[in-house]
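[1] what follows is a predicted protein model with its sequence.
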Amino acid sequence: MLFISKQGHVDAERVIVKIYSSIERGPMEHVNGIVVHQTGGTTVSSTFNSYGNTAHVPNGAHFLIDKDGTIYQTASLNRITNHVGKLQSRCITTLQCSATDLRAARQAFRAGPAAFHRHESRKAFPDRYPSNSDAIGIELVGMHYPDEKTAEPVYECVTAEQNASLKWLVRELSETLNVEMSEVYRHPEVGRKNASEASTARWE
């Protein structure tokens, strides 16, 4: 179990607290899931630079794990961060919904990404996937490069050190925040992102 302060900061030997208020949004009332990402950058410094750039409003996640396994907490667990983006449909993916809901989801999908996201966001959890409003984000430092054959961007492999830290962090967050392990996802599983992102991440 983790000790979490009133400010939403983790007090643990393995976690370096390095908060960027620039990536924090409104209050997070409840945590229903955890979403694992890769940064798209080559170093931890490039992510810190992005978070600290006041010329734009940066997206970000609650934790950042460097290639050597160092864990940084970059946002309060009491605050929302923008890390999921436009949602996928749990109804369409799992087919664990009524025929009426499935038709509505498919109709929203045909209306385009923005309309589809609005449709999914209006649902209560667990009828939808965890979103920005109720998910903790964990970023793993990792770049994407063009595939030699298709030129499509492919993310580099997560390091063994990152996976070891990710496994520890996910387990601790799951136990502390009462998040089911079945509600831990790679970014492309819940958001409309590159399918290779975090594909080599392991936490179980």
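    Thanks, I have the structure now. Numbering: from 1, shown residues only.

[2] then the helix or strand harbouring residue 51 to CSV, C-alphas only?
    In the assignment (DSSP states H and E), residue 51 maps to helix 44-52. Listed next in CSV are the C-alpha coordinates belonging to helix 44-52 (Å, rounded to 0.1, in the frame of the first residue of the first chain):
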residue,chain,number,x,y,z
VAL,A,44,13.0,11.9,-19.5
SER,A,45,14.3,15.5,-20.0
SER,A,46,12.3,15.9,-23.2
THR,A,47,9.1,15.1,-21.4
PHE,A,48,9.9,17.4,-18.5
ASN,A,49,10.6,20.2,-21.0
SER,A,50,7.2,19.6,-22.6
TYR,A,51,5.5,19.7,-19.2
GLY,A,52,7.2,22.9,-18.3
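
[3] next helix or strand past that helix?
    Per DSSP H and E, the first helix or strand lying C-terminal to helix 44-52 is strand 63-65.

[4] tell me how far that following strand lies from the chain's centre.
    10 Å (C-alpha atoms, centre = their mean, to the nearest Å).

[5] list of residues touching that strand?
    Contacts to strand 63-65, defined as C-beta atoms under 8 Å, 6 or more residues apart in numbering, come from residues 15, 39, 44, 47, 71-74, 136-141, 162, 165-166, 169. C-betas here are computed from N, CA, C, even on glycine.

[6] surely residue 54 and residue 21 touch.
    No: using C-beta atoms under 8 Å as the test, residue 54 is too far from residue 21 to be in contact (10.7 Å).

[7] could you pull out the strands for the protein?
    Assigned by DSSP state E, the chain shows strands spanning 3-4, 10-11, 15-17, 33-38, 63-65, 71-73, 135-140, 144-146, 153-155, 184-186.

[8] residues of the third one that come out buried?
    Read it as strand 15-17. residue 15 (16 or more other C-beta atoms under 10 Å).

[9] residue 94 - how many residues pack around it?
    By other C-beta atoms under 10 Å, 9 other residues sit near residue 94.

[10] need the contact list for the nearest residue to residue 174 once chain neighbours are set aside.
    Counting by C-beta to C-beta, 6 or more residues apart in numbering, residue 174 lies nearest to residue 181, which is 5.7 Å off, once chain neighbours are set aside. Applying C-beta under 8 Å, 6+ apart, we find residue 181 in contact with 170, 174, 204.
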